[in-house]
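>>> Quick one, what's the 3D model for this:
(3 chains)
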Amino acid sequence: MAVQGGRVEVLDLTDDRRVRSRSQVALAGLARLVAQREAADAPRWVWTDTNQVAPPLLAAGVRVGRCVDLRLCRAILQHAFPDRTWPEPHWPTVAIGQQPEPTLLDGLVDEDAAVGGSGEQVLAELVRQQEVLASAPSPGRLRLLLAAESAGALIAAEIYHDGLPWDRRVHDQILTAELGQRPAPGARPQRLAALVEVIRGLLQAPALNPDSPVELLRALRRAGLDVTTTSRWALREVDHPVVEPLLEYKRMARLLAANGWAWMDAWIVPAAEPGRKDRFHPEYVPGGVITGRWATSGGGALQLPKQIRAAVQADPGWRLVVADAAQIEPRALAAMSGDRGLAAAGRGSDLYQGLVAAGVAGTRKEAKVAMLGALYGATTGAAGLLMPRLLRTYPRATAVVERAARTGEGGGVVHTWLGRTSTPPPDSWRESQAAASQPGASAAVQARARQSARNWGRFTRNFVVQGTAAELALCWLAELRRRLALLADLQQRPHLVYFLHDEVIVHSPEELAEQVAGDVSASLTEAARLLFGATEVEFPVHTAIVSSYADAEH
DNA sequence: CACCCCCGCGCG
DNA sequence: AAAGCGCGCGGGGGTG
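Numbering: from 1, shown residues only, chains lettered A, B, ... in the order given. Below you'll find the model as predicted:
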């Protein structure tokens, strides 16, 4: 499908990508055409950019089953095969928030440039990508990744469209209880203002603005506190009466700045109809993170603090199915490495407890620190001390991350299980490595180079695990979306409303919530089978059926 | 005023 | 005061 100049060109392709037929339709008729084809034979739609096509379809109440998002697929393929010929893309970047709604600017922009190209261009890009795919070392895996990435684009567009149900009243109650009544614009809420006076008094700094790290640090040092930063970590270690009110102030100021009344005004959209909650519309950016995780843009959807999660409330008669994939990263590592010991530790619902049972650490907390340390590349502290035992107990799993680290330290690229490729280090990195290997290189230059080599090694070490977990999560979402579509018509259909790396929320009619919870768990198992085949590794999901996000414990 | 960087902190 | 990865955001503070 190609959208251009207010018209849509649809090419019907055979399996070997020959054009069977062509048709044209006005943009206004697109939704009807898509709905007809979905009902008839549910094709896989190929288009340049889901952000361009999905919003008008969703607005018209039309959903598609499968698509190829050429923009996202190109990004993955180009990264994996940088040496192939990649002509300049024929498309511009479109954010989902910039939906092609009619504005005064229409007619001023070059319509041909502002859209997804001609049918021939779209087809040529598809053919190019499929040829690259066919020549890949593991075309099956990469094909799965591209399908999952494209499904993710559909899901992100749908979540943006549907929104996360939000209760303004609950949110306001939390803010008022914490901060005091909503103040006039520009003024501090009452409880916050009172704390500022306490802090000023204790530090004998009558004009201090505690929001300024520079001013605050100066005042703290003048009052005799031995700190070099104003971060919470540093303050917690200091014994002084100002510490407690200051930490309290920081907590409250953060809530006000990040998710206070101004945030509510900017991001919470009034209910579409009576009897429903308001909505927060998370703007996800699939593929936005280097490892393949989703990023977000605006609203801070990936940082919804636990403090205000009580404001996430299902519509009347509906429930939230809140689910998180337990320890998905170490389990992904166990599966990709084929480490039977680590797989065994993960049998049951708590892998960290399994590590304790295996004697890796004395407590669950220690075991978690050790495991995360291995994934992140910790060298010192408690995690560093526990590493030798982890290496001995799980040689196959740890070998995967150690190898990735060595590759990164040497300037190489690494790959996720499905074939997403890490960014090569920048030229400046290579230059500093080269400089350090010169005969007369100073000790300082060598030390700096070693440091940046280790830094890059930690990035590649984590990339293989975080990235593989991200593609597993993507397949989880895609399978879950497929199952949810079978449960009910659009109006009563359970739908994804939130996604946070290893956690999902489905908004579901009450009577379907149990079924949804089962589908959520089964979908992850199915996704793991798709990626890893008959793996011994279990991927348990913790689910809770609640009215408020805050009531889901994990 | 717009723009940029730094700091600090929220999330996984 | 961060050891140990990946992000986004708001406020301060500087620059042009």
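
>>> what's the burial count for residue A:511?
The tally of other residues near residue A:511 (other Cβ atoms under 10 Å) stands at 12. Just so you know, the C-beta spots here come from the backbone N, C-alpha and C atoms, and that holds for glycine as well.

>>> Touching, residue A:166 and residue A:281? I think so.
No - counting by Cβ atoms under 8 Å, residue A:166 does not reach residue A:281; the two are 9.7 Å apart.

>>> Which pLDDT value belongs to the most far-flung residue of chain A relative to its centre?
Taking Cα atoms, centre = their mean, the residue of chain A most remote from its mean C-alpha position is residue A:440, at 45.3 Å. According to the prediction, residue A:440 has pLDDT 91.

>>> Ok, residue A:97 next?
Predicted confidence (pLDDT) at residue A:97: the value is 69.

>>> Please apply the same query to residue A:464.
pLDDT, residue A:464: 98.

>>> how about the nearest residue to it, chain neighbours excluded?
Distance criterion Cβ to Cβ, 6 or more residues apart in numbering; nearest residue to residue A:464, sequence neighbours excluded, is residue A:404 at 4.6 Å.

>>> thinking again about what came up before, how would you label the residue farthest from the centre of chain A: helix, strand or coil?
coil (DSSP: H, G, I helix; E, B strand; the rest coil).

>>> quick one: it from residue A:446, how far?
Using Cβ to Cβ, to the nearest Å, residue A:440 is found at 11 Å from residue A:446.

>>> likewise residue A:231?
Residue A:231 is 31 Å from residue A:446, by Cβ to Cβ.

>>> And those two? Which one has more around it.
Per other Cβ under 10 Å, whichever of residue A:231 and residue A:446 has more neighbours is residue A:446, with 15 against 11.

>>> measure the more buried one to DNA strand C for me?
Separation of residue A:446 from DNA strand C (Cβ to the nearest atom of the strand, to the nearest Å): 18 Å.

>>> What's the first helix or strand after the helix or strand containing that residue?
Applying DSSP states H and E as the criterion places residue A:446 in helix A:443-485. The element immediately downstream of helix A:443-485 (helix or strand, assigned by DSSP H and E) is strand A:495-499.

>>> contacts for that following strand?
By Cβ atoms under 8 Å, 6 or more residues apart in numbering, the residues outside strand A:495-499 that reach it are A:155, A:158-159, A:162-165, A:282, A:284, A:294, A:301, A:312, A:320, A:473, A:477, A:480-481, A:484, A:504-508.

>>> picking that back up, which strands and helices lie in contact with the helix holding residue A:446?
Under the contact definition 3 or more Cβ pairs under 8 Å, 6 or more residues apart in numbering; DSSP states H and E, helix A:443-485 sits against helix A:139-162, helix A:328-337, helix A:364-376, helix A:395-409, helix A:427-436, strand A:495-499, strand A:503-509, helix A:513-532.

>>> let's see 7 Å
helix A:139-162, helix A:328-337, helix A:364-376, helix A:395-409, helix A:427-436, strand A:495-499, helix A:513-532 (3 or more Cβ pairs under 7 Å, 6 or more residues apart in numbering; DSSP states H and E).

>>> what's the spacing between the residue in the stretch 351-500 of chain A that DNA strand C sits nearest to and residue A:405?
In the stretch 351-500 of chain A, the residue found nearest to DNA strand C is residue A:378; the distance is 3.0 Å by Cβ to the nearest atom of the strand. Distance of residue A:378 to residue A:405, computed by Cβ to Cβ: 12 Å.

>>> tell me which element the closest residue to the residue of the stretch 351-500 of chain A closest to DNA strand C other than its chain neighbours is part of?
Counting by Cβ to Cβ, 6+ apart, residue A:378 lies nearest to residue A:384, which is 5.5 Å off, once chain neighbours are set aside. Element membership of residue A:384 [criterion: DSSP H and E] is helix A:381-393.

>>> Any residue of that helix touching DNA strand C?
Yes - counting by Cβ under 7 Å from any atom of the strand, DNA strand C is contacted by helix A:381-393 at A:381, A:382, A:383, A:384.

>>> coming back round to it: burial measure for the residue nearest to residue A:464, as a count.
With other Cβ under 10 Å as criterion, residue A:404 counts 24.

>>> how's chain A carved up into domains?
Following automatic domain parsing, one gets these domains for chain A: A:2-162, A:169-262, A:281-327+A:471-551, A:329-460.

>>> Return the most buried member of the ones you listed.
Most buried of these, by mean neighbour count (mean count of other Cβ atoms under 10 Å): domain A:281-327+A:471-551, with a mean of 20.

>>> And the spatially most central residue of chain A, how far from DNA strand C?
Centrality entry for chain A: nearest residue to the mean C-alpha point is residue A:294, 3.1 Å, by Cα atoms, centre = their mean. Relative to DNA strand C, residue A:294 is positioned 9 Å away (Cβ to the nearest atom of the strand).

>>> Which residues outside stretch A:195-215 are in contact with it?
A:188, A:216, A:219-220, A:223, A:230, A:241-242, A:245-246, A:248-249, A:253 (Cβ atoms under 7 Å, 6 or more residues apart in numbering).

>>> mind redoing it with 10 Å?
Outside stretch A:195-215, the residues within contact range by Cβ atoms under 10 Å, 6 or more residues apart in numbering are A:179, A:188-189, A:192, A:216, A:218-220, A:222-225, A:229-231, A:240-246, A:248-250, A:252-253, A:257.

>>> And stretch A:547-554, by the same measure?
Counting by Cβ under 10 Å, 6+ apart, A:164-167, A:170, A:174, A:304, A:306-316, A:318-324, A:326, A:497-498, A:503, A:505, A:510, A:542-546 sit against stretch A:547-554.

>>> Show me which residues of the stretch 401-550 of chain A sit near DNA strand B.
Selection of the stretch 401-550 of chain A residues close to DNA strand B by Cβ under 7 Å from any atom of the strand yields A:466, A:500, A:501, A:502, A:503.

>>> restrict the residues you listed to those near DNA strand C?
A:466, A:501.

>>> before we move on, the earlier item: what angle do the helix holding residue A:446 and helix A:139-162 make?
70 degrees (axes from the mean of the first three to the mean of the last three Cα atoms, to 10 degrees).

>>> ok now helix A:443-485, how far from the chain's centre?
12 Å (Cα atoms, centre = their mean, to the nearest Å).

>>> And stretch A:178-187, by the same measure?
The chain centre lies 32 Å from the centre of stretch A:178-187; the measure is Cα atoms, centre = their mean.

>>> Please name the residues that touch residue A:537.
Residues near residue A:537 by Cβ under 10 Å, 6+ apart: A:330-340, A:342-347, A:351, A:528.

>>> what's the answer for residue A:187, then?
residue A:193.

>>> what do you get for residue A:524?
Residue A:524 sits in contact with A:323, A:325-326, A:328, A:331, A:472-473, A:475-477, A:479-480, A:502, A:504, A:538-541, where contact means Cβ under 10 Å, 6+ apart.

>>> Try it again at 6 Å.
A:325, A:476, A:539, A:541 (Cβ atoms under 6 Å, 6 or more residues apart in numbering).

>>> Those in strands, which ones?
Among these, the residues falling in strands (DSSP state E) are A:325, A:541.

>>> What lies in contact with stretch A:355-371?
A:330, A:345, A:352, A:353, A:382, A:383, A:386, A:389, A:390, A:393.

>>> got it, and stretch A:434-448?
residue A:449.

>>> and that stretch, how far from the chain's centre?
How far stretch A:434-448 lies from its chain's middle: 38 Å, per Cα atoms, centre = their mean.

>>> Just the terminal-to-terminal distance for that stretch.
12 Å (Cα to Cα, to the nearest Å).

>>> Residue ranges in chain A under the pLDDT threshold?
Applying pLDDT under 70 to chain A flags residues A:97-116.

>>> can you list the residues of it near DNA strand B?
Checking chain A against DNA strand B by Cβ under 7 Å from any atom of the strand, the hits are A:213, A:217, A:229-233, A:250-251, A:254, A:258, A:302-307, A:324, A:466, A:500-503.

>>> before we move on, back to that, what's the angle from the helix holding residue A:384 to helix A:364-376?
Orientation check (the same axes, to 10 degrees): helix A:381-393 against helix A:364-376 gives 80 degrees.
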